[in-house]
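>>> sequence first, then the predicted structure, then my questions.
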Amino acid sequence: MLAGGRERADFVRNAIADPSVTVRIGDRESPATARVLAPGTDEDALARRLVLAKYQAPGSHDLEHWGRTALPVAFDLSFEP
């Protein structure tokens, strides 16, 4: 996820205070650990590319500034069988 509000976003403040979260995907829930990605890492770049690829309209550049400045947060899932 990318947080446009960076560290001020409620979900980021909550994740920093307690990184143990629950993620729901469809009808499944999974315990997970939230973490802010280190700037300039491959993981940071990948998160930005994936989110922009999903939400930015082809040929558009309207989300590029947001994609460069938002804070990337990863959720490491622990799906159980």
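All right, it came through fine.
>>> which strands and helices sit next to the helix or strand bottoming out on mean pLDDT in the chain?
Least confident helix or strand, the chain: helix 64-69 with a mean of 87, by mean pLDDT, DSSP states H and E. Packing partners of helix 64-69 (3 or more C-beta pairs under 8 Å, 6 or more residues apart in numbering; DSSP states H and E): helix 42-55. No exception for glycine: its C-beta is placed from N, CA and C like everyone else's.
>>> report the buried residues of the lengthiest strand in the chain.
Secondary structure of the chain read by DSSP state E shows that its longest strand is strand 28-36. Buried positions in strand 28-36, judged by neighbour count with 16 or more other C-beta atoms under 10 Å: A32, A34, V36.
>>> average pLDDT across that strand?
Taken as a whole, strand 28-36 has an average pLDDT of 94.
>>> can you give me the angle that strand makes with helix 42-55?
If you take axes from the mean of the first three to the mean of the last three C-alpha atoms, to 10 degrees, strand 28-36 sits at 130 degrees to helix 42-55.
>>> using PDB, write out the CA atom coordinates for strand 28-36.
What follows is strand 28-36, C-alpha atoms only, in PDB (Å, rounded to 0.1, in the frame of the first residue of the first chain):
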ATOM      1  CA  ARG A  28     -10.300 -15.100   4.000                       C
ATOM      2  CA  GLU A  29      -8.500 -13.500   6.900                       C
ATOM      3  CA  SER A  30      -4.800 -13.700   7.700                       C
ATOM      4  CA  PRO A  31      -2.600 -12.500  10.500                       C
ATOM      5  CA  ALA A  32       0.100 -10.200   9.100                       C
ATOM      6  CA  THR A  33       2.900  -7.900  10.100                       C
ATOM      7  CA  ALA A  34       2.900  -4.400   8.800                       C
ATOM      8  CA  ARG A  35       6.100  -2.600   8.000                       C
ATOM      9  CA  VAL A  36       7.200   0.600   6.400                       C
END
